[in-house]
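J.: Predicted model and sequence follow; I will ask about them next.
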Amino acid sequence: MIRPRLPSGAVRTYLRSLDPQLPRNVYVLQLGGLLNAFGNGVVLPFLIIYLHNVRGISLGLAGLAAATQSATALASGFAGGTLSDRIGAKRVLIATLVVMTIAFALMPLIRTPWQAFAVYIVWGAGSGSFWPAQSALLAGLTPPTRRSPAYALQRLTMNLGVAVGGLVAGLIASVADPGSFTLLFLLNCATFMAYAVVLVFVRAPELHPERAHGRWRDVARDRTFVAYTCLNAAFMAGAIALMVELLPAFAKNVTHVNERQVGVIFAIDSIGIVLFQLPLAKLLEGRRRMKGLAVMGVVWAVSLLLVWTAGVWTTATAAAIVLCGASLVFAIGECLHGAIHAPLGVDLAPPPLLGRYLALSSLSWQVGWIIGPAAGGFMLQHQPLLLWPLAAAVNLVCAGAALALEARLPENVRLTPLAAGSAG
């Protein structure tokens, strides 16, 4: 019998085409992000569960604590963007890692709601400046034509870390053993410090003196960018914030999924991003960015309706299987977001205001994390099954808004750039 031969040459050519072709410093930065993401994966699926099931704080107040963290991050982000322009993104990034280490070292001490709010405020003070500083550093280290694959690789490495972290956390966490959560928080602290050590080996981009004279007023006058930022905030509130913050608690308390299964559900999303991110980033080259965001909204709506289906029709292991499917579908949308959102934000930013533009862009995440957990937490407490179809409707509206916004974008940024040679 003649066996068909695989087109190995074509496969190798395709795999080579996925090479993001980035400078060495970008890869070193991504290594630090991978370590840090492992720590995030260890704690993120279990924060609401920790506050509610271990410390006895109501779901509504737990969601409000998460929203308070985002509100603090919102204020911190303005300072982070300004300082990134003035003293350099690398210095700001290291400082934020120290602050977040302190916050998670205090997490095991939480016993009452006010303590949770206090610790979450410290966390928000660090995380708000973390994202604009990291984005500005990545943009400064990457050639303009390679920013889409650079941010796609960042999403891939971070989700690889989150996937592994979520699986590890699922094996460790137990609501019957509060000490298991202390171990999770200490692991996260260790990864913050590991990222800071890696940053020592990253060459900081040169500072531009004209950035010190930029003003937030100039950013606010860019109505197209502000509209783009508001659109992202709506996507965050109606999708990612709910899937990250509230899905684990929904799975645990409504569909009766156990801790190990929660870890697997959380990891499936990240594994999907690891598998699909670079191929989708390659597929998007030369294509309309806002159309890609519209497709993302539809994909996320489907995923949220799958979560609703799990709550209505299934329980325990069957629910875990449906929720794993929802996470995998959601990951496809996240891959589209990773390849489009941040690179387009960088392309819209004038160089003297890059840090501030990226800060505003990052603040859209914080706004989403304020609205999503705050409103969703109380809805999860009183009407858990209504939350998911309502969120799906929000995503469909945002998909239409993305298509409408395309006409306001400059012609030269509407398409994802094609690869233009290898990076230096």
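T.: Everything's here; your move.
J.: Could you pull out the strands in the stretch 301-424 of the chain for me?
T.: For the stretch 301-424 of the chain, applying DSSP state E, counting those that start in this stretch gives no strands.
J.: pLDDT weak spots in it?
T.: Applying pLDDT under 70 to the stretch 301-424 of the chain flags residues 419-424.
J.: Where does the prediction get shaky in the stretch 1-150 of the chain?
T.: The stretch 1-150 of the chain contains residues with pLDDT under 70 at 1-21.
J.: Helices of that one, residue ranges please.
T.: Taking DSSP state H, counting those that start in this stretch as the criterion, the stretch 1-150 of the chain carries its helices at 8-17, 24-43, 47-49, 59-86, 89-106, 113-141, 147-172.
J.: Ala204: which of those helices is closest?
T.: Of all the helices of the stretch 1-150 of the chain, helix 89-106 sits nearest to Ala204, with 4.1 Å by Cβ to Cβ. For every residue, glycine as well, the C-beta is placed using N, CA and C.
J.: and Ala95, what does it touch?
T.: Ser129 (Cβ atoms under 8 Å, 6 or more residues apart in numbering).
J.: can you check Asn53 too?
T.: Applying Cβ under 8 Å, 6+ apart to Asn53 gives the contacts Val175, Lys252, Asn253.
J.: and those residues, which of them are in helices?
T.: Lys252, Asn253 (DSSP state H).
J.: Let me know the closest of the contacts of Asn53 to His337.
T.: For those, the nearest to His337 is Lys252 (26.2 Å; Cβ to Cβ).
J.: Pull the contacting residues for the closest one.
T.: By Cβ under 8 Å, 6+ apart, Lys252 lies in contact with Ile49, Asn53, Asn258, Glu259, Val262.
J.: re the thing from before, let me have the helices of the stretch 1-150 of the chain in TSV, extended by distance to Gln381.
T.: Formatted as TSV, the helices of the stretch 1-150 of the chain follow (distance: least, Cβ to Cβ, whole Å):
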stretch	distance to Gln381
helix 8-17	48
helix 24-43	22
helix 47-49	11
helix 59-86	4
helix 89-106	25
helix 113-141	14
helix 147-172	24
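J.: right, so of those, which gets closest to Asp222?
T.: Among those, helix 59-86 comes nearest to Asp222, with 14.0 Å by Cβ to Cβ.
J.: gap between the closest one and the chain center?
T.: Taking Cα atoms, centre = their mean, to the nearest Å, one finds the center of helix 59-86 at 14 Å from the center of the full chain.
J.: so what secondary structure elements neighbour it?
T.: On a contact count with 3 or more Cβ pairs under 8 Å, 6 or more residues apart in numbering; DSSP states H and E, helix 59-86 meets helix 47-49, helix 89-106, helix 113-141, helix 247-253, helix 354-382.
J.: could I get these as a markdown table with distance to Met290?
T.: Output for those, formatted as a markdown table (distance: least, Cβ to Cβ, whole Å):
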| stretch | distance to Met290 |
| --- | --- |
| helix 47-49 | 33 |
| helix 89-106 | 27 |
| helix 113-141 | 20 |
| helix 247-253 | 27 |
| helix 354-382 | 15 |
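J.: mind checking which of those is nearest Gly286?
T.: Nearest to Gly286 among these is helix 113-141; the distance by Cβ to Cβ comes to 21.1 Å.
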